[in-house]
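**Q** Using only what follows, build the 3D model:
(chains A, B, C, D and E, ligands or ions: 4)
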Amino acid sequence: MLRLLSFALLLATWWVAATVAGSAKLPPPSVVLAAAVAEAKSGALFLHLGATLARVVLAFTLSMALGSALGYLMGRSRLANRLGDPWLILLLNLPALVVIVLAYIWAGLTEVAAIAAIAINKLPTAVVTLREGARALDPSLDEMAKVFAFPRSRILRHVLLPQLAPYIAAAARSGLSLVWKIVLVAELLGRPNGIGFEIGVAFQLFDIPLLLAYSLSFAAVVLVIEAVIVQPFELRASRWRLRAA
Amino acid sequence: MLRLLSFALLLATWWVAATVAGSAKLPPPSVVLAAAVAEAKSGALFLHLGATLARVVLAFTLSMALGSALGYLMGRSRLANRLGDPWLILLLNLPALVVIVLAYIWAGLTEVAAIAAIAINKLPTAVVTLREGARALDPSLDEMAKVFAFPRSRILRHVLLPQLAPYIAAAARSGLSLVWKIVLVAELLGRPNGIGFEIGVAFQLFDIPLLLAYSLSFAAVVLVIEAVIVQPFELRASRWRLRAA
Amino acid sequence: MRLEVDIRSKSFTSANGKRQEVIGGIAFALQRGEVGVVVGPSGCGKSTMLRILAGLDSDYQGHVARPDGARLAMVFQEPRLLPWRSVEDNVRLAAPDVTDDRLAAIFGVLELDAHRTHFPGELSLGLARRVALARAFAVEPDFLILDEPLASLDDALAARLRDEIAMLVASRPMITLLVTHSMDDAVRLGDRIFLLSARPARLLHAVPIEVPRAQRSNDAVAAIKADLARRDFSMS
Amino acid sequence: MRLEVDIRSKSFTSANGKRQEVIGGIAFALQRGEVGVVVGPSGCGKSTMLRILAGLDSDYQGHVARPDGARLAMVFQEPRLLPWRSVEDNVRLAAPDVTDDRLAAIFGVLELDAHRTHFPGELSLGLARRVALARAFAVEPDFLILDEPLASLDDALAARLRDEIAMLVASRPMITLLVTHSMDDAVRLGDRIFLLSARPARLLHAVPIEVPRAQRSNDAVAAIKADLARRDFSMS
Amino acid sequence: AETVKVAVQKTGTFAWELAVIRAHQLDKQADIAIDAVELASPEAGKIALRAGNADIMVSDWLWVSRERTLGAKLTFYPYSSALGAVMVPASSPLKTLADLKGRKLAVAGGPLDKSWLLLQATLKRDGVDLKSQATITYGAPPLLAAKLADGEMDAGLNYWNFCAALEAKGFRRLAGVEDLLAPFGAKGRTAMIGYVFDEDWAAKHRDLVARFLSVTAKAKEILATSDAEWQTISLLTGAPDEATLRAYRDRYREGIPRRPVAEEEADARILYGVLASIGGRDLVGPATELSPGTYYRADARD
Ligand SMILES: Nc1ncnc2c1ncn2[C@@H]1O[C@H](COP(=O)(O)OP(=O)(O)OP(=O)(O)O)[C@@H](O)[C@H]1O
Ligand SMILES: Nc1ncnc2c1ncn2[C@@H]1O[C@H](COP(=O)(O)OP(=O)(O)OP(=O)(O)O)[C@@H](O)[C@H]1O
Ligand SMILES: [Mg+2]
Ligand SMILES: [Mg+2]
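**A** Ligands and ions are numbered 1, 2, ... in the order given. Just a heads-up that it's a prediction; the model follows:
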């Protein structure tokens, strides 16, 4: 309820800002919606959204899985941390553009290159976050699990994951947004479809309503996923907290 | 020691990869270093690095401060979370390009517009991470602080910050890398100096060694800051953990 | 300065959605200088009551008048130390005005001298509970709440600390409320003993102890305990 | 199946860099079916020793032969439950093979029936400690380590649970090691009592109790306790 | 049919030509298959070429020459001589290039942009150092065009398509960059951009290249002569109105190269010297002269 209210407020703010600034500076929601509807009718919106979502899902899954594993390792083992740290800092601070260009040069303008480049860009932020999570793990629960001879899978599911959950949630949310930002660059530089491609075109034409229509389409998808899947799940998973916000 | 070894390994890997791939696909370290030295001698490297660092520092500080405060609020208060959530998701999933273009359109091609746009891009990831941190706070320590009538400042410093530290560290590390990635886009699109500007030029010329030289200069700065300031500090701050990695 | 308690009912809704009454009716009052001891079966609602009295929970039916402007100190049932601050810092953060001498005295009595610079994670449970006691003592409170302060300590040490609590109580006019499972502690320290029923906790009996605290010799204590046992309060 | 302990020395380096000896020499052996009770002043090194025996710490001087292939269960000094799993899940995760009947019996004895679906954060400390006991019982261990299992419980319940432990010990041939501060528990449950010195812990005396456990009436227990007290072991 | 892979920017003129080729089946007639990789940014073509995803892309001879001196044997064939222009609002008081002194000038393409260098070189002859005597703003071309349109800039040097769009909005050309060439000794409009491809690849596929070039030439002819054709591709150009489409059309037609390659190369040689002198090493690399072989000769064997 409150969420809907806030959402309405957001639209209203936008609308007021657009009216004040003039539609050249910020097109009002109606114009953007019209642009989106036109693209949806022609089918282009779904085509590009689909292509982008597929890339996002693949790169996100890949980098979260690998990043979490590496981050856990580096948080737990001093040796792994020492060894991995310089690589991590390098990867963290390599501009997306560079990684993408190099990936394309090496592997060609292929889907694999694009997804690998995006995953490599997101990987280090997942590592960094999960490393902190692994460092903050409660050793007393480890000991409990060891005494009662929990098998690995049970430790992972019942001891580690619940402790890492907030870190995973943070890495996933900010990571998804990062992946999405980078997928756009990758599409801009070397893919013949996807939202990033269309945003590039819209930018070259300086068609701001179209730019916003494509940009917001992804935000809309995430908004729906959050409301329908993620947040109910989170609520369930954090029931045990006495004071959940 | 181990870190240095790993660093050497990194250089060696690069060198081998460059040799195998051919310098057209990946220039070897020596070539990149030569490009960096040439730029450093002409003073251009320091000029651009300085401009970019200034922007990074400003945008980073701004967004970390604001993002931490908002994230804390949203993690603690259900109301704030409900109200802020749609905005947060929107901001998270707005492409950097869009925010930057809109900022430039509104506030002109100015430094203020650039820094604001970068800060706005980074803000939501800090919020998301700190929100998780605030949700994970230990209520029993809050109670203790309340019983012993800790003043606000003491609560912040001795009760909250140590608990939020891992989240702040994660947000700061991945946030710094995000800010740096976005500053490049902002400079590429509308600033007359900075690493992003030079990367744009190098990219137009498709001068990969120059591209890498500028890209890595920032990574080098972060590497030094990490080694000299951040990690010793972290080590001190986490002495209380029985098993620090 | 007076503590007036009249909790008519307190319930918790647990995560599985069920509502459960935890306190069914507790009313009493304590004067300055008095020590109230609460005894009741495990899980009956003692700690819940203490949290209400400490002002940590205001979601209950009834009324509690807490002593006005009184400085509060509490020993929780678990130590509740800040894991990232040394033993000494933990105490000083709660009691910033404590003098070095007083701190040394407190650490001496609680046998914590060797542990000043340790972090809580490096302490045994007994040591950590003593640090929590040190923190409460250092505050020099007007209103002291103790939730099983002497659990997990060996008998000799527990006896010494009990005397220390008695001394503290005698030295300043404060309101003290103590939860314990040890009848011995209850009889040696209390002015009145509040016996609670099983959950939901009801005040079954408020038994005053007439012998002044200073005169409670081992024999006197045994006599009072025997008397209490003879009255055979059905506690469950 | 036999537990052989010979810890010559165990030290900790604390975060402030100082090294501190915690165990100065403890050697004993326990047979299948025997109950060893460890008594010693607070902070002397009891829990540290238990952690070594449980295989959680291998950084010590000496040698420990743990019973081969024995199923281990431990009640830690704090409950150590998984906060995000219900009471029942906490027990079942440690003892996946426990039958519903047996679980019901255990929860019945420990008076936990009403709390099966609660999360640990919704329990009182006494309840949480009982869940930790339930977990250890459900495992049906061959080697049982109990670190102050009956602290924070009221006397009536503690007595019942002590009998329950005695029954468990009688029902299966296992090695049991118990740490307690209560001489009463020690005498009622133990086959041998190990008295430790203050830190660094040394084994001062290993006192066998000759009366079979089943025949330890109140009077017998009092007599043994008096005897122990008369021998006046200097424990510090 | 043999396949030739080309990288096209979706909003660029090459895409328009391709549409015409497809519509008239010029590719089929010449028995080649044009496999177009559509890309969204101007720089992506270079990646495509380097990565081997395209045989042919569009860029300028300056870059080709630079790459050649750095070891990549690329070669160039003229594609368009349309160049940017300095645009000002219709009501602007600026009359000549010299008036730019002290003004706010937006420069698309960065400090090494060839039009920008030529503009600087031109004014330098009149003793004006524009770089220091005007306020220069670099930035992304579409953004700068928008900035000029809403009055934040006094003048803008931008790519020809953005200039055409501005023209349709009533903006005035202070000077076209192609007008700046003659004073340096160029004999005519010089095609700055062209098809770029690998020398060795071209040597192996001489016939294919020839057919490709003739197909595109035919497409250019169609666009040069038929106004109706422009209506069919109008959607592709993104022109918001007729005026813009007309401006695009006229500028495009002007830009079709009509001179022999040898003449183009001769002019390029001259301009190279000018650009090298002002752009310096950063622009051209170690070479001070146009690298021999930069221009592709369809008849090189004779
Ligand atoms: N990780 C550690 N680092 C440093 N010192 C430690 C550490 N763990 C325990 N100690 C020290 O070892 C000593 C023994 O601790 P232990 O927990 O074994 O005591 P205990 O006999 O179980 O006491 P209690 O009866 O209070 O539970 C204590 O003085 C404690 O400060
Ligand atoms: N946050 C909560 N949500 C639901 N139930 C709770 C919560 N806190 C406590 N309870 C329930 O309230 C009852 C009383 O708890 P309380 O901690 O007051 O007991 P207690 O008398 O202090 O017991 P003990 O002697 O074991 O410490 C228990 O049954 C417990 O399960
Ligand atoms: Mg309690
Ligand atoms: Mg212990």
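
**Q** secondary structure class for residue C:10?
**A** Three-state call for residue C:10 (DSSP: H, G, I helix; E, B strand; the rest coil): strand.

**Q** Tell me which residues are up against stretch A:75-90.
**A** Residues outside stretch A:75-90 that contact it (CB atoms under 8 Å, 6 or more residues apart in numbering or on different chains) are A:70, A:73-74, A:124, A:127-128, A:130-135, A:137, B:2-3, B:5-7, B:10, B:216, B:219, B:222-223, B:226, B:244-245. In this view, the C-beta of every residue, glycine as well, is placed from N, C-alpha and C.

**Q** got it, and stretch E:20-35?
**A** Contacts for stretch E:20-35 (CB under 8 Å, 6+ apart): E:1-6, E:18, E:208, E:211-212, E:214-216, E:218-219, E:222-223, E:229, E:232-233.

**Q** helix or strand for residue C:146, which one?
**A** Using DSSP states H and E, residue C:146 maps to strand C:143-147.

**Q** Okay, buried residues for the helix or strand just after that strand please.
**A** Sequence order places helix C:155-171 as the next helix or strand after strand C:143-147, per DSSP H and E. For helix C:155-171, the neighbour count (16 or more other CB atoms under 10 Å in any protein chain shown) marks C:157, C:158, C:161, C:162, C:165, C:166, C:168, C:169 as buried.

**Q** Stretch E:1-8 too?
**A** Going by neighbour count (16+ other CB under 10 Å), the buried part of stretch E:1-8 is E:4, E:5, E:6, E:7, E:8.

**Q** Keep only those of these that are in helices.
**A** Judged by DSSP state H, the subset of the buried residues of stretch E:1-8 located in helices is empty.

**Q** The strand holding residue C:146 pairs with which strands?
**A** Using DSSP bridges, strand C:143-147 pairs in its sheet with strand C:72-75 (parallel), strand C:175-179 (parallel).

**Q** Spell out the secondary structure type for residue C:30.
**A** Put simply, residue C:30 is strand when judged by three-state DSSP.

**Q** looking at it, it is touching residue C:173, isn't it?
**A** No - using CB atoms under 8 Å, residue C:30 is not in contact with residue C:173; the gap is 12.0 Å.

**Q** Neighbour count: these two, which is higher?
**A** Legend: neighbour count by other CB atoms under 10 Å in any protein chain shown for residue C:30 and residue C:173, higher for residue C:30 (22 against 12).

**Q** Which residue is the nearest non-sequential neighbour of the more buried one?
**A** Once flanking residues are discounted, residue C:30 sits nearest to residue C:3: 4.5 Å by CB to CB, 6 or more residues apart in numbering or on different chains.

**Q** Wait, a strand at the one you found?
**A** Yes - Residue C:3: assigned to a strand according to three-state DSSP.

**Q** show me the contacts for it.
**A** Contacts of residue C:3 (CB under 8 Å, 6+ apart): C:29, C:30, C:53, C:64, C:65, C:66, C:67, C:143, C:175, C:177.

**Q** Just the pLDDT for the residue lying farthest from the centre of chain A.
**A** In chain A, the residue that sits farthest from the middle, by CA atoms, centre = their mean, is residue A:147; the gap is 38.2 Å. pLDDT for residue A:147: 95.
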